[in-house]
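1. Build me a model from this:
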Amino acid sequence: MAVLAAILPLVSQSSTLALVLYRLAATDTYAAKDLLRTAKAISNLALIVKEVGTIIKEDDRLPSPEAFQAIEDILGQSATVLNEINSIVSLQDAEQDRRQNTQRNGGSKPTTLTPQLVARLYYLKAHLDSLRATLSVMLQTLYTAQSIIWAEDRPYVSPRQCATAVANEKQQLETLIIDQQMSILLASKLYEQARPDARLLMETDSALSLSVIDETSPNPAYLTRYQDRFIATLDTQRSGEEHWLASVCSISKSQLDRLLEMWTRLRQFEQERLEERRKVQAQKRDSQQPFVESDSEDNEEKLQEFASGHAGLNSPIPRKPDMIPPLFAESNSLPIPIPTPSHDPASAPVSPRTSISTLPVEAAAAVEAKDKDEELDLGIPWTLRTRRHYWKYVDGKVQESNTDMPTSEAFRHRHSWTEVQASWVCKEALKEAGHPYTQVKKDIPDGRRTKFETWFCIDRPLTFDEVQRLVERTVELYRKTQPPSPPPTRERTRQTSFERRTLPPKGTDRDRTPLPTHNKPPPLERSATAYHISQPPPLDRTMSMPGAGQGGQAPPPPTYPPNPRASTLQIPSSPSLSQPALYSPLPNPPYTNPSFPPPPPAQSRTFPQSMPYPPPPPARHLQPPGYSQSPLRTSFEGARYEHHSSASGTSDSEEVTRSRKARERSRRRGSRGSDAGRKKKYG
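-> Okay, here's the model as predicted:
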């Protein structure tokens with residue numbers, strides 16, 4: 001390499017010249033101070049040139065072509081300055097020899113260096129310092145680029161330590177930039193004082209006033225290419241270093257970014273790394289694609305055996321390819337942009353329910369939960385990114401980052417953006433807010449698998465308040481497009497198992513045997529009404545047995561409370577009874593609550609012995625309150641109960657009569673049979 005070939009001769013020349021200057025300063029006390037400064041500047045330049053050559057030899061891919069051009073130019077200027085210093089030293093050696101000869105002959109003591117040569121030597125020393133500072137800036141720029149690359153790889157180092165290392169390298173680079181710019185300004189000021197035509201025709205000796213200087217000699221014009229444009233416009237003759245420093249510090253950061261962009265290949269390295277990641281992702285996707293499985297291996301072996309056994313088959317056997325291509329081809333770029341559908345009049349109309357582009361279900365659920373409890377946080381995940389750094393947020397707090405820099409760095413960077421999931425923000429809200437965006441699909445790890453999720457990349461950095469407004473607007477649009485929700489069901493009171501009733505199934509269950517849907521009758525031991533039902537009277541068989549009315553007196557009938565709703569119709573008496581009817585209609589009492597029956601009267605009615613069982617009163621719960629019964633209904637009820645009592649009273653006597661008649665019939669049949677036998681015997 002041409003740069004490495006030029007470094008070694010320059011280092012050798014610098015070492016030789018510095019040694020000559022040290023020896024000359026030891027013998028010349030008048031110019032010793034200026035000679036020592038120049039020798040020190042030459043030695044420092046040689047050291048920094050060697051370091052630059054070492055880092056280029058280790059990795060020549062990191063410096064950019066502009067960096068190599070700058071190194072060649074600096075080496076050329078350094079060689080020119082060293083040659084001019086060497087010429088001054090040669091003149092000094094010749095002058096020293098002449099002085100020694102004059103002293104031997106008894107002449108006067110001549111001067112060693114003229115003021116013009118001293119001023120020129122002082123400028124050359126400042127020029128070397130500027131070149132050395134420029135090489136130091138370039139060397140630190142390469143170191144900073146190496147630290148940035150190492151921080152992005154960081155196999156075993158935490159992101160915080162990587163960010164700290166990069167920040168330290170950038171601080172050192174910024175310090176060296178300030179030193180370099182101040183050195184160039186100082187060299188420009190010294191050059192004006194050491195110009196060869198500054199004292200033209202002002203010396204007593206015209207031979208000393210006029211001197212010819214080569215046009216290719218070093219001057220500040222060769223240093224302006226390494227100077228900031230704003231700093232180059234400063235007036236160096238009317239101001240000093242204290243006035244330059246404020247301007248130099250103001251441009252140090254911008255100069256740092258410009259040098260990293262100009263003298264290194266960081267951008268190319270980032271593109272190569274991104275391309276490698278895309279290839280790896282493409283290989284992963286290809287490995288996950290279904291392949292066509294072929295079971296033709298056995299057939300192929302059989303074909304080979306058949307070809308070897310029959311000489312007549314000379315056609316070549318097709319070979320199975322090494323790999324069968326996937327069924328579906330995928331692109332090798334991530335993230336995958338999703339084209340925005342154009343508004344085509346031929347497209348089908350969109351229903352109101354699906355008019356919103358994406359369904360922000362997570363945002364709707366979070367806002368609904370916050371409406372119920374204001375102390376809850378929404379928990380919005382979003383990311384703020386630049387080309388090199390990212391800050392992952394949940395609401396307004398940073399949860400993860402790959403740098404220690406504050407988030408304000410993203411707002412100062414030109415190439416920064418905001419990423420939000422489509423489940424939190426919709427396109428309509430972004431369009432209303434006027435944010436340019438790009439919809440992409442990102443590969444998100446989900447356990448052992450990966451899944452694609454839709455994200456919106458907003459082309460500018462946003463704050464949490466702006467993101468929250470987008471989410472709230474998205475939820476408003478989402479609620480407008482949703483159908484009205486059914487009214488909330490009332491909370492049913494807890495019921496015991498005795499109070500619950502089995503509801504019929506709503507639909508047919510194919511897994512179960514169909515059951516009848518008719519309601520079962522209530523059990524006999526339970527009452528289906530809240531009113532009291534009167535029990536039938538007890539059976540008394542004393543009147544139905546033979547001789548009941550002759551031997552003794554019948555017991556008195558049971559007493560019953562008066563019927564408040566008795567009919568005005570008089571029940572007719574039995575025709576076998578000669579006694580008149582003693583039943584008289586009772587007046588209708590006033591209406592009372594049926595759940596609280598009136599108390600029974602103090603004196604109960606007595607019934608004649610001819611009617612042992614009067615008809616029981618009708619059930620009060622079967623009659624409407626406040627209305628009298630129909631006479632026909634009352635007579636029907638009385639007749640029904642009368643039949644019940646008569647049938648129950650005469651059931652035993654009928655059985656006795658039937659048994660007596662049956663015995664008589666059997667006795668007659670027996671007598672008939674005996675008479676017939678006698679006739680046959682004697683007849």
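
2. which residues does residue 151 contact?
-> 157, 159, 162-163, 165-166 (CB atoms under 8 Å, 6 or more residues apart in numbering). Quick note: C-beta positions are derived from backbone N, CA and C, even for glycine.

3. Below-threshold pLDDT in the chain: ranges please.
-> Filtered on pLDDT under 70, the chain yields the residue ranges 1, 92-113, 154-156, 194-216, 288-377, 482-653, 671-683.

4. Which residue ranges make up each domain of it?
-> 2-202+218-264, 266-290+328-333, 356-481 (automatic domain parsing).

5. before we move on, the earlier item: now render the contacts of residue 151 as a markdown table, adding neighbour count.
-> Converted to a markdown table, the contacts of residue 151 look like this (neighbours: other CB atoms under 10 Å):
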| residue | neighbour count |
| --- | --- |
| 157 | 12 |
| 159 | 15 |
| 162 | 20 |
| 163 | 18 |
| 165 | 17 |
| 166 | 21 |
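
6. my hunch is that residue 382 is in a strand, does that hold up?
-> Yes - the assignment for residue 382 (DSSP: H, G, I helix; E, B strand; the rest coil) places it in a strand.

7. Please report how far it lies from residue 395.
-> 9 Å (CB to CB, to the nearest Å).

8. Compare those two (neighbour count), which wins?
-> The neighbour comparison of residue 382 against residue 395 (other CB atoms under 10 Å) goes to residue 382, with 24 against 14.

9. Looking at strand pairing, list the partners for the residue lying closest to that one once chain neighbours are set aside.
-> Leaving aside its chain neighbours, residue 382 sits nearest to residue 420 (4.7 Å; criterion: CB to CB, 6 or more residues apart in numbering). Beta-bridge pairing of residue 420 under DSSP bridges involves residue 382, residue 456.

10. residues contacting residue 420?
-> Contact analysis of residue 420 by CB under 8 Å, 6+ apart lists 380, 382-383, 455-456, 458, 467, 470.

11. out of those residues, who has the most neighbours?
-> Highest neighbour count within those: residue 470, with 26 neighbours (other CB under 10 Å).

12. correct me, but that residue touches residue 430?
-> Yes - counting by CB atoms under 8 Å, residue 430 is a contact partner of residue 470 at 6.8 Å.

13. Residue 44: what's it in contact with?
-> Listed by CB under 8 Å, 6+ apart, the contact set of residue 44 reads 129, 132.

14. Which positions in the helix or strand where it lies come out as buried?
-> Assigned by DSSP states H and E, residue 44 belongs to helix 32-58. By 16 or more other CB atoms under 10 Å, the buried positions in helix 32-58 come out as 32, 34-35, 37-46, 48-49, 52-53, 55-56.

15. mind listing the strands for this protein?
-> Secondary structure of the chain (DSSP state E): strands at 336-337, 381-386, 390-394, 397-401, 416-421, 437-446, 449-458.

16. what packs against the last one?
-> It stands for strand 449-458. Applying 3 or more CB pairs under 8 Å, 6 or more residues apart in numbering; DSSP states H and E, we find strand 449-458 packed against strand 416-421, helix 427-433, strand 437-446.

17. Between the ones you listed, which one is closest to residue 179.
-> Residue 179 sits nearest to strand 416-421 of all the helices and strands packed on strand 449-458, at 31.2 Å, using CB to CB.

18. how big is the angle separating the closest one from strand 437-446?
-> 60 degrees (axes from the mean of the first three to the mean of the last three CA atoms, to 10 degrees).

19. in strand 416-421, what's buried?
-> The neighbour-count check on strand 416-421 (16+ other CB under 10 Å) flags 416-421 as buried.

20. Alpha carbons only: can I get it in PDB?
-> The C-alpha trace of strand 416-421 is given here as PDB (Å, rounded to 0.1, in the frame of the first residue of the first chain):
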ATOM      1  CA  SER A 416     -35.500   9.000  14.000                       C
ATOM      2  CA  TRP A 417     -39.000   7.500  14.100                       C
ATOM      3  CA  THR A 418     -41.600   6.000  16.400                       C
ATOM      4  CA  GLU A 419     -43.000   2.500  16.300                       C
ATOM      5  CA  VAL A 420     -46.500   1.600  17.600                       C
ATOM      6  CA  GLN A 421     -48.400  -1.700  17.300                       C
END
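
21. tell me the angle of that strand relative to strand 449-458?
-> Strand 416-421 and strand 449-458 meet at an angle of 130 degrees, taking the same axes, to 10 degrees as the criterion.

22. for the nearest residue to residue 389 once chain neighbours are set aside, what are its contacts?
-> The shortest distance from residue 389 to any non-neighbouring residue, by CB to CB, 6+ apart, is to residue 403 (4.3 Å). Counting by CB under 8 Å, 6+ apart, residue 403 touches 159, 163, 388-389, 409.
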